[in-house]
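# Fold the following, please.
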Amino acid sequence: MRDLWVRDGLVSFDPVPGAETLCGAGWIVPGLVDAHCHVGIRYGGGHEDRAGAVAQAETERDAGALLLRDAGSPIDTRFIDDHEELPRIIRAGRHIARPKRYIRELGIELDDERDLPEIVAEQASLGDGWVKIVGDWIDRSVGDLRPLWSDAILKQAIDAAHANGARVTAHVFGEDALPGLIDAGIDCLEHGTGLTDETIEMMVEHGTALVPTLINIDTFPGIADSAGKFPVYAAHMRDLHRRVRGTVAAAHEAGVPIFAGTDAGGSIRHGRIADEISALAAAGLSGHDALGAASWQARSWLGRPGIEDGAPADLVVYEEDPRTHPETLSTPYAVVLRGRVYGGHGPVTGHR
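Got it, this is the predicted structure:
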């Protein structure tokens with residue numbers, strides 16, 4: 001038990017005279033992190049306008065997600081940085097894919113894979129230290145998931161990103177693309193449903209992180225149901241869904257760094273970080289690790305502070321310990337962003 005103060009929007013471990021008490025007893029957690037979030041993609045598909053993107057960011061804030069890693073957006077969301085009342089976004093630029101091998105109009109489509117290193121370097125300069133590539137997608141000519149890139153070009157592209165100070169993450173559902181991505185030095189995998197014991201071991205050796213987006217994976221049966229023309233693909237998607245909790249548990253037990261991301265935007269509504277934390281716990285992470293994957297651990301991985309003296313006061317307050325009472329994650333007592341309180345309490349400087 002300790003007291004915590006806020007002064008000028010920053011955390012203070014020293015008392016602030018005359019501070020107003022926000023919560024006399026409770027649990028304070030560093031602002032939650034959605035490490036796979038698409039501000040700018042409209043629910044149901046398509047590009048959001050500015051007002052829609054602001055509304056998405058507000059929804060994330062009210063759920064306690066105060067730091068968002070944008071895993072690809074079709075619009076430039078930098079204008080959100082001018083809104084002090086909205087979460088910070090760490091951008092990865094636009095998805096990079098091949099023609100007819102990803103969702104239409106969301107990504108940059110390359111006719112020639114040899115252009116990948118140049119485009120990756122370009123997106124590295126436009127993002128906030130991340131680049132997003134599409135590692136696999138359905139190939140309708142074969143009726144199943146297939147890699148988009150050769151192993152050699154992946155190595156060149158990821159080296160180009162690293163040379164430009166950016167990390168690389170990849171959308172990947174199936175098994176076949178994983179060895180090439182990991183051997184090429186990919187920093188993170190999104191979804192990773194096709195992981196095997198062998199590729200999990202490779203991730204551990206390379207220090208590759210995983211953002212499994214479990215609430216998104218729950219849409220796989222519906223995707224399979226709509227893929228009647230491609231029965232092999234449909235069966236594959238159902239199998240990936242069936243074993244995903246065991247896959248995540250095996251990766252966690254092996255020591256793969258795992259972080260929480262909802263894949264909000266498109267088929268997943270914003271503001272569901274609590275559901276993703278619960279899903280990680282159901283997959284075998286302890287309550288402590290599942291919450292850490294969406295809070296202090298994720299912040300450290302992304303190079304952002306947690307609860308530190310002098311750090312931005314980005315906090316979520318709960319009436320019960322969310323590690324042992326996960327249901328409380330959906331109803332935070334207060335959300336504090338840069339020292340301002342949201343959730344009906346109004347701006348305040350206070351201590352626990």
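# contacts and neighbour counts: CA atoms only from here.
Will do.
# What residues does residue 262 make contact with?
Listed by C-alpha atoms under 8 Å, 6 or more residues apart in numbering, the contact set of residue 262 reads 34, 35, 36, 37, 213, 214, 215, 216, 268, 272, 273, 276.
# Please report how far residue 56 lies from residue 44.
For residue 56, the distance to residue 44 equals 13 Å [C-alpha to C-alpha, to the nearest Å].
# Who has more neighbours out of the two?
residue 56 (24 against 11; other C-alpha atoms under 10 Å).
# would you say the more buried one is within a helix?
Yes - counting by DSSP: H, G, I helix; E, B strand; the rest coil, residue 56 is located in a helix.
# what sits against it?
Contact analysis of residue 56 by C-alpha under 8 Å, 6+ apart lists 39, 40, 270.
# quick one: the first one and residue 343, what's the gap?
With the distance defined as C-alpha to C-alpha, residue 39 ends up 21 Å from residue 343.
# ok, residue 94 to residue 9 distance?
32 Å.
# Then residue 276?
Distance check for residue 276 against residue 9: by C-alpha to C-alpha, it reads 28 Å.
# With residue 170 instead?
Distance, residue 170 to residue 9, by C-alpha to C-alpha: 35 Å.
# the more surrounded of these two?
Of the pair residue 170 and residue 9, residue 170 is the one with more neighbours under other C-alpha under 10 Å, namely 25 against 19.
# which strands and helices sit next to the helix or strand harbouring that one?
Using DSSP states H and E, residue 170 falls within strand 167-172. Packed against strand 167-172 by the contact rule (3 or more C-alpha pairs under 8 Å, 6 or more residues apart in numbering; DSSP states H and E) you find strand 130-134, strand 136-139, helix 151-163, strand 188-191.
# Mind checking which of residue 39 and residue 343 has more residues around it?
Using other C-alpha under 10 Å, the more surrounded residue of residue 39 and residue 343 is residue 39, with 34 against 15.
# Is the more buried one in contact with residue 55, as I believe?
No - Residue 39 lies out of contact with residue 55 (C-alpha atoms under 8 Å); the separation is 9.2 Å.
# which stretches of the stretch 1-150 of the chain have low pLDDT?
Applying pLDDT under 70 to the stretch 1-150 of the chain flags residues 1.
# quick one: the strands in it?
5-7, 10-12, 27-30, 32-37, 65-70, 88-91, 96-97, 108-109, 130-134, 136-139, 144-147 (DSSP state E, counting those that start in this stretch).
# what's the most buried one of the ones you listed?
Highest mean neighbour count among the strands of the stretch 1-150 of the chain (mean count of other C-alpha atoms under 10 Å): strand 32-37, with a mean of 30.
# which outside residues touch that strand?
64-71, 190, 211, 213, 259-265, 273, 294-296, 298-299, 315-316.
# how about 7 Å then?
64-71, 259-265, 273, 294-295, 298 (C-alpha atoms under 7 Å, 6 or more residues apart in numbering).
# Determine the number of other residues adjacent to residue 325.
Neighbours of residue 325 under the rule other C-alpha under 10 Å: 12.
# Tell me which residues touch it, please.
Contact analysis of residue 325 by C-alpha under 7 Å, 6+ apart lists nothing.
# can we see that at 10 Å?
By C-alpha atoms under 10 Å, 6 or more residues apart in numbering, the residues touching residue 325 are 287, 318, 319.
# Pull up the per-residue confidence for the second one.
We have a pLDDT of 96 for residue 318.
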